[in-house]
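Peer 1: Below are the sequence and a predicted model for it; my questions follow.
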Amino acid sequence: MKLIKKLLTVLAFVPLAAAAAGGATVHLDKAPVNLSDKASLQRGAKIFVNYCLSCHSASYMRYSRLQDIGLTEEQIKSNLLFAGDKVGETMTVAMNYKDAKAWFGAAPPDLSVVARSRDPDWLYTYLRSFYRDETRPTGWNNIVFDKVGMPHVLADLQGEQVARFKKEKDHEGTEHEVFERFELTKPGSVTLAQYDSMVGDLVNYLTWMAEPVKTKRMQLGLLVLAFLAVFFVIAYYLKKEFWKDVH
């Protein structure tokens, strides 16, 4: 009993410790995820292949699976495959693991299920929150992921922005720097609204890629619930019929 009490006491303090270790929270913008929007998923797949797949792999996803979002095999071959890749192959990356670790400090993670390990809202906010920071080795930092090792690979689209901070005191009177806003210092090739839309498509695709069968699974779930609802009515009247003469 004493051991159980001690265990419960430790577990009670785990959330508090995690909150303290995590520091200040960052507001996450809502990601425009719509897994039934195949046009968005196709645009997101194109962005992923052109901008993400050069460093990150998606080793649990095959190119051929993109037919599930409305692309034909010919479209996949013409627009999304690198030289030497085949439609049935997985989305691997040619970058050497040791080279990646030397360049970035850590090898870029596989993105097959990143939308499940990281919430889509987190990804959507993260990809729009890079800012110039000359103290970092890559010249970039991120509000959502402080001291991130990844450079801003979408900077040619979004442009360059700087983060403005303000000083605020907490309830103990300790002064902290708090993020206030971004200022665009160098425009990109698209407007900020267009960039947000492109990131939305990319996050939509990453969410789909993390669980390609989710839409079908949800549709099947609705059919099962509908069947159970109908069967319940039938079972109810059968029960009444079978037991009507039992007193």
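Peer 2: Thanks, I have it.
Peer 1: List the buried residues of the longest helix anywhere in the chain.
Peer 2: Looking across the chain with DSSP state H, the single longest helix is helix 214-243. Of all the residues in helix 214-243, not one is buried under the rule 16 or more other CB atoms under 10 Å. The C-beta positions use only the backbone N, C-alpha and C, and glycine is treated the same way.
Peer 1: how far is it from where the chain is centred?
Peer 2: For helix 214-243, the separation from the chain centroid amounts to 35 Å (computed by CA atoms, centre = their mean, to the nearest Å).
Peer 1: C-alpha coordinates for stretch 58-74, PDB please?
Peer 2: Taking C-alpha atoms only, stretch 58-74 is exported to PDB below (Å, rounded to 0.1, in the frame of the first residue of the first chain):
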ATOM      1  CA  ALA A  58       9.200   8.700 -46.200                       C
ATOM      2  CA  SER A  59      10.300   5.100 -46.100                       C
ATOM      3  CA  TYR A  60       6.800   3.700 -45.300                       C
ATOM      4  CA  MET A  61       5.200   5.300 -48.300                       C
ATOM      5  CA  ARG A  62       5.300   4.000 -51.900                       C
ATOM      6  CA  TYR A  63       5.000   6.300 -54.900                       C
ATOM      7  CA  SER A  64       2.300   4.000 -56.200                       C
ATOM      8  CA  ARG A  65       0.100   4.800 -53.200                       C
ATOM      9  CA  LEU A  66      -0.400   8.300 -54.600                       C
ATOM     10  CA  GLN A  67      -2.900   6.800 -57.000                       C
ATOM     11  CA  ASP A  68      -5.200   6.900 -53.900                       C
ATOM     12  CA  ILE A  69      -5.300  10.700 -54.100                       C
ATOM     13  CA  GLY A  70      -6.300  10.700 -57.800                       C
ATOM     14  CA  LEU A  71      -2.900  10.700 -59.600                       C
ATOM     15  CA  THR A  72      -2.400   8.300 -62.400                       C
ATOM     16  CA  GLU A  73       0.800   6.200 -62.800                       C
ATOM     17  CA  GLU A  74       1.900   8.300 -65.700                       C
END
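Peer 1: Report the distance from that stretch to the chain centre.
Peer 2: Distance, stretch centre to chain centre, for stretch 58-74: 19 Å (CA atoms, centre = their mean).
Peer 1: Now do the buried residues in it.
Peer 2: The neighbour-count check on stretch 58-74 (16+ other CB under 10 Å) flags Ala58, Met61, Arg62, Tyr63, Arg65, Leu66, Ile69, Leu71 as buried.
Peer 1: List of residues touching it?
Peer 2: Under the criterion CB atoms under 8 Å, 6 or more residues apart in numbering, residues 38-39, 41-42, 45, 48, 76, 80-81, 85-92, 110-113, 208-209, 212 lie in contact with stretch 58-74.
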